[in-house]
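**Q** need a 3D model of the sequence below.
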Amino acid sequence: MELVVGAAERIAVIGDNGAGKSTLLRAIAGTVTLAAGERLVELPGGFALAEQRPDFAPDATIAEALDELLADVHRIESEIQETAERVAHAEVDEQPAFLDRLSAVMDRFEARDGYHLDQRVDAALDQLGLGGLDRARPVSALSGGERARLALAAALSSEAELLLLDEPTNDLDDAGISWLEERLSRHRGALVVVTHDRVFLDKFATALIRVENGVLRRYGDSYPGYLAAREAERRRLLEEHEAWRQDLARNEALIAANAFRLDAIPQKRERAIFGHAAFRARSRDHGATRRIGMAKGRVARLRANPAPRPADPLRFLAPFTGDRSPEAGDDSSTGALLLAADAVRLSVDGTGPRLALDSMEVRTGERWLISGPNGAGKTTLLRLLAGELTPLQGTVWQRPDIRMAWLRQDLATGSRKTLLDAFANATDAYRDDAAELLLRLGLFHPDELPRRLTDMSIGQRRRFEVAVAVTAPSDILLLDEPTNHLNPELVEQLEHALLDYPGAVLTVTHDRRWRELATTAGQLRRIHVSPGGEVSAMPSPG
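**A** Now for the predicted structure:
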């Protein structure tokens, strides 16, 4: 595989979790050893890598971690000092060469705006919510998201010619994302970003690299162009599959028809004059044997080189059987009442998660968007409505026999069942039927079916949840950060599938595009969870 990065290109790297996107960034940066091939670099302005999970020395302070992240700029500064000392102590005839070298090194330092590096670092940390950190604090005391933002602040402050950023919008609030995008819009060099943020892709990506099965595939013409190209690929594969299927059916029919003709032709006929001697009455095949041979050869070649049918776009397969609930007191102008909460309080004694919900009713067909800062209690609210938490005060009513589907933010490691057995169990299907259903979705390869869920990546477990959600019957979908760990293309499909989902959908998400599309949907209800756990209604759009 080959990847060329132009001087001012904006390249986005996408693909499933575990496909190798972060490894690709490290390969470009030269921090991993290539098993084959070579890395050619012509980069006088240097590069900066902001990893999603940066590693630091166990005993390093935040100040030392920043020095490590900005080591290339500090090396230029040290080179200036060393060269200046050589100029001062050089012989007269050596000084011109050292002065030229000093001038070149200072040009490099000024190109990186090294004199204002500390001010830029301070400003970046402020914008990314890390301004109040004590630089003497151990970096190991920071959360994973804080360490990622520390690396991002350093990379953006380095003024490197090439920026390599791994999921830079993760763990950022709206203000942080706005600052990041404004900062990148002023970047004069090249940019290679691993991201699933579709708004970010729309704004910055001039080309996309899809990583799949260790292969890189490049798409030009921005993110909308990528989606159009992928849909064109799917249609082409569908046409190739249909042509293959028709060719196979035609040749199999030819074999069957000519075999019937052969059976109808007698091989030998008794001679009436010469007694019992036998002879071949005429050519047995009349061309049929030759046609059968050719058809069999064609069938063998077709079966040896099948044209697989591409997966259809994601859709909900199970028929919706939710009915109206007479005990819920419905009226004819609204959907069936599925669940209701009244005067609910959690943690009235000050221990455990806190939540205060005065009133809430969820009906068939409704779409709910739940917002609030991290840690406010959005996931707690979903668990309460699902019946996983019992309120200390108030009541949560669910329609009898209600069926719920979950896409959870925190994915469990999974059971020790195989993917196929777990899917069959979750969808109440026979194994053979479950295998057919699962493969039809296009979320897994056949060789993944016998793997245990415990051995699968977080992205694969997320796709398993999606497969169950679109296959098993449900009345309510609870989506907690549903775009996490899914590639953008699959997120697009899930959004479109939800348009035809007849049940209720409750969504917690930081995904900007998802929120934008949700605000244009009919029947949208919005609630906000404040930092203290207070749940309040918000005005619906329109």
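
**Q** shaky segments in the protein?
**A** Flagging of the chain using pLDDT under 70 yields the residue ranges 1, 259-287, 319-334, 348-352, 413-414, 521-523, 540-542.

**Q** domain assignment for it?
**A** What the record gives for the chain is the domain set 10-220, 231-304, 326-538, from automatic domain parsing.

**Q** turn those into JSON lines, including mean neighbour count and distance to residue 318.
**A** C-beta coordinates here come from the backbone N, C-alpha and C atoms, glycine included. Putting these into JSON lines (neighbours: other CB atoms under 10 Å; distance: least, CB to CB, whole Å) gives the following:
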{"stretch": "domain 10-220", "mean neighbour count": "17", "distance to residue 318": "25"}
{"stretch": "domain 231-304", "mean neighbour count": "13", "distance to residue 318": "23"}
{"stretch": "domain 326-538", "mean neighbour count": "17", "distance to residue 318": "4"}
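
**Q** got the ones you listed as a markdown table, with distance to residue 312 columns?
**A** A markdown table is the format used below for those (distance: least, CB to CB, whole Å):
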| stretch | distance to residue 312 |
| --- | --- |
| domain 10-220 | 19 |
| domain 231-304 | 9 |
| domain 326-538 | 7 |
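
**Q** please name whichever of these is nearest to residue 4.
**A** domain 10-220 (9.1 Å; CB to CB).

**Q** quote the end-to-end distance of that closest one.
**A** 11 Å (CA to CA, to the nearest Å).

**Q** thinking again about what came up before, right, and the domains of the chain - which one's nearest residue 314?
**A** Evaluated with CB to CB, those place domain 326-538 nearest to residue 314, the distance being 3.8 Å.

**Q** and for stretch 216-235, what's in contact with it?
**A** The contact list for stretch 216-235 (CB atoms under 8 Å, 6 or more residues apart in numbering) reads 1-3, 12, 24, 198, 201-202, 205-210, 310, 488-489, 492.

**Q** return the distance of it from the chain's centre.
**A** Put simply, stretch 216-235 sits 16 Å off its chain's centre (CA atoms, centre = their mean, to the nearest Å).

**Q** next: stretch 511-520.
**A** 17 Å.

**Q** swap in stretch 408-420?
**A** 17 Å.

**Q** can you give me the first-to-last residue distance of that stretch?
**A** In stretch 408-420, first residue to last residue: 20 Å (CA to CA).

**Q** for stretch 40-59, same thing?
**A** Length of stretch 40-59, first residue to last, CA to CA: 35 Å.

**Q** what helix or strand does the nearest residue to residue 485 once chain neighbours are set aside sit in?
**A** Nearest residue to residue 485, sequence neighbours excluded (CB to CB, 6 or more residues apart in numbering): residue 462, at 4.1 Å. According to DSSP states H and E, residue 462 maps onto helix 458-471.

**Q** what's that helix packed up against?
**A** strand 404-407, helix 419-427, helix 431-441, helix 488-499 (3 or more CB pairs under 8 Å, 6 or more residues apart in numbering; DSSP states H and E).

**Q** that one vs helix 419-427, what angle?
**A** Between helix 458-471 and helix 419-427, the angle comes out at 40 degrees (axes from the mean of the first three to the mean of the last three CA atoms, to 10 degrees).

**Q** roughly how far out does helix 458-471 sit from the chain middle?
**A** Distance, stretch centre to chain centre, for helix 458-471: 12 Å (CA atoms, centre = their mean).

**Q** now what about that helix, what contacts it?
**A** Outside helix 458-471, the residues that touch it by CB under 8 Å, 6+ apart are 16-18, 314-318, 405-408, 411-414, 419, 422-423, 426-427, 429, 437-438, 441, 443-444, 448, 453, 456, 477, 484-486, 490, 494, 497.

**Q** can you check stretch 508-525 too?
**A** 177, 197-199, 365-371, 378-379, 382, 409, 479-483, 491, 495, 507, 537, 540-541.
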